[in-house]
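K.L.:
model this:
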Amino acid sequence: VVLTFLLSGAHSQTPRALQESTVPSEVLSQEQAYSLVQPSLFQDPKVSNLSEILPRSSGSEPPLLPVCVKPADIRHVFKYINTIVSCTIFIVGIIGNSTLLRIIYKNKCMRNGPNVLIASLALGDLLYILIALPINVYKLLAKDWPFGVQVCKLVPFIQKASVGITVLSLCALSIDRYRAVASWSRIQGIGIPMWKAVEVVLIWAVAIVLAVPEAIAFDMVELSYWEQHLWVCMLASEQKSRFMMFYRDVKDWWLFGFYFCLPLVCTGVFYTLMSCEMLSKRNGMRIALNDHMKRRREVAKTVFCLVVIFALCWLPLHLSRILKKTIYDQTDPNRCELLSFLLVMDYFGINMASLNSCINPVALYFVSRKFKNCFQSCLCCWCQRPALSITPTDEKGSVGKWKATGQELGLDRSSSRLSNKYSSS
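P.N.:
Purely as a prediction, here's the structure:
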């Protein structure tokens, strides 16, 4: 409802009203136009106006084009690829994440501590896919930003909140797997503990708080490019407070450290401790708990696969931003080839990062046998309603088959008694 109100207000706002509004505007140089692709590409305070450095032609002719205008063709090539990839992610992500949430909600045996964190992760991905992904596709295809300031601040806020939920959920899953292996003699029952629900609420609260600077930093900026005045949504170079200026300067390093390195370090530390714990207790385990430990190792393997997929999906984007921050020089006349490479890498990184929002249900389908059975029962409807209840004692669904055969046996006995009654009469 809020998005419908904002979209209707954005379409009803005329360009003249935008110019007369109180939205802060700044005229950017030609090379800063590439910040439409990579918003933080030209946020160096040392070079405030690069158009003054570039040579200009005499008379009233437009300024000479810098050499780096040529990579603009890359945008026209990759925007169609990005649109196709985004549509695929949209369809697969909605089906996969909504099915995953339905499986955990409907089956009582799936309501446990690790699965509630996986459900939290799926809900954050679904929120990003439904709201931020379509607007990002429109932003890439269109030249102007018609949605207004509110949506301009909402989209990066949802993006960072979704990534924060993913990062904190993966860290919580790694810690939970270590605690499960460390207390191997404790068999967890079915149900969600109260402390696990509090943990999920804290994860969402911290992710939302950490995403607030993104909503403050992004704003609508007037882009003056070849006698065209365009309103775009990007990270503004001028911030109101000293903290936001500091956030603008260290944003790439903050995103790389917290939103990428933290889950990898957390998983590496706790999985190393978990391996040491399992090796030290391997000889002292009782035979009766072998199946129980196998199930816990399977869950640990599933969590590890989710972390590896997260690292592979987000590495190209963070690598392109770090390379831009360290080796890119705006005043270097031979910077054009590097800029082309960074733009291509940035497009590829954005697509890979968006892919992480839909790939978790697919990974769970191939890694976990229990999730695979639930996905098959929910999507393909191979079994009837009584067979959908998967008990934790047997992951292959043998108990469900026993119930179905029991009912069939009951029907056969009743039908045989009826046939004997009619034959005797």
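K.L.:
tell me the pLDDT at residue 409?
P.N.:
pLDDT recorded at residue 409 is 35.
K.L.:
Apologies, that question was intended for residue 130.
P.N.:
So, for residue 130, pLDDT stands at 91.
K.L.:
quick check, residue 230 in a strand?
P.N.:
Yes - judged by DSSP: H, G, I helix; E, B strand; the rest coil, residue 230 forms part of a strand.
K.L.:
which SSE is the closest residue to it other than its chain neighbours in?
P.N.:
The shortest distance from residue 230 to any non-neighbouring residue, by Cβ to Cβ, 6 or more residues apart in numbering, is to residue 223 (4.4 Å). Every C-beta, even on glycine, is put in place using the N, C-alpha and C of the backbone. Per DSSP states H and E: residue 223 is located in strand 218-224.
K.L.:
Name the strands paired with that strand and say parallel or antiparallel.
P.N.:
Its sheet considered, strand 218-224 pairs with strand 229-235 (antiparallel) by DSSP bridges.
K.L.:
Could you give the average pLDDT over the strand it pairs with?
P.N.:
83.
K.L.:
which parts of the helix or strand just after it are buried?
P.N.:
Under the assignment DSSP H and E, the closest C-terminal helix or strand after strand 229-235 is helix 242-256. Buried residues in helix 242-256, counting neighbours by 16 or more other Cβ atoms under 10 Å, are found at 247-249, 251-252, 255-256.
K.L.:
rewinding a little: per-residue confidence for the residue nearest to residue 230?
P.N.:
Predicted confidence (pLDDT) for residue 223: 76.
K.L.:
pretty sure it contacts residue 236?
P.N.:
No - here residue 223 does not reach residue 236: they are 12.0 Å apart, not a contact under Cβ atoms under 8 Å.
K.L.:
Among these two, which residue is more densely surrounded?
P.N.:
residue 223 (24 against 20; other Cβ atoms under 10 Å).
K.L.:
From residue 143, how far out is that one?
P.N.:
Counting by Cβ to Cβ, to the nearest Å, the separation of residue 223 from residue 143 is 9 Å.
K.L.:
Need the residues touching each of these two.
P.N.:
Counting by Cβ atoms under 8 Å, 6 or more residues apart in numbering, the contacts common to residue 223 and residue 143 are residue 230.
K.L.:
Now the two most distant members of the buried residues of helix 242-256.
P.N.:
248 and 256 (15.1 Å; Cβ to Cβ).
K.L.:
if we can go back for a sec, kindly reformat the buried residues of helix 242-256 as TSV containing pLDDT and distance to residue 265.
P.N.:
TSV is the format used below for those (pLDDT from 0 to 100; distance: Cβ to Cβ, whole Å):
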residue	pLDDT	distance to residue 265
247	91	22
248	88	26
249	89	24
251	91	20
252	90	18
255	93	15
256	94	12
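K.L.:
Considering the residues you listed, which is situated nearest to residue 134?
P.N.:
Set against residue 134, the nearest of those by Cβ to Cβ is residue 255 (22.9 Å).
K.L.:
The closest one reaches residue 318, doesn't it?
P.N.:
Yes - at 6.9 Å, residue 255 counts as touching residue 318 under the criterion of Cβ under 8 Å.
K.L.:
nearest residue to residue 125 other than its sequence neighbours?
P.N.:
Nearest to residue 125 is residue 357, by Cβ to Cβ, 6+ apart, at 4.1 Å.
K.L.:
So the one you found versus residue 107, what's the distance?
P.N.:
To residue 107, residue 357 is 24 Å away according to Cβ to Cβ.
K.L.:
Show me which of the two is the more surrounded one.
P.N.:
Between residue 357 and residue 107, residue 357 has the larger neighbour count (other Cβ under 10 Å), namely 27 against 20.
K.L.:
shared neighbours of residue 223 and residue 236, which are they?
P.N.:
By Cβ under 8 Å, 6+ apart, no residue touches both residue 223 and residue 236.
K.L.:
circling back: contacting residues for the residue nearest to residue 125?
P.N.:
Going by Cβ under 8 Å, 6+ apart, the list of residues near residue 357 reads 89, 93, 97, 125, 128-129, 133, 162.
K.L.:
The same query, at a cut-off of 10 Å, please.
P.N.:
Listed by Cβ atoms under 10 Å, 6 or more residues apart in numbering, the contact partners of residue 357 are 89-90, 92-93, 96-97, 121-122, 124-129, 132-133, 162-163, 166, 313.
K.L.:
Chain neighbours aside, what residue packs nearest to residue 273?
P.N.:
residue 178 (5.6 Å).
K.L.:
burial count for that neighbour?
P.N.:
Residues near residue 178, counting by other Cβ under 10 Å: 21.
K.L.:
That one and residue 303, how far apart?
P.N.:
10 Å.
K.L.:
Need the residues touching each of these two.
P.N.:
Common contacts of residue 178 and residue 303 (Cβ under 10 Å, 6+ apart): 267, 270-271.
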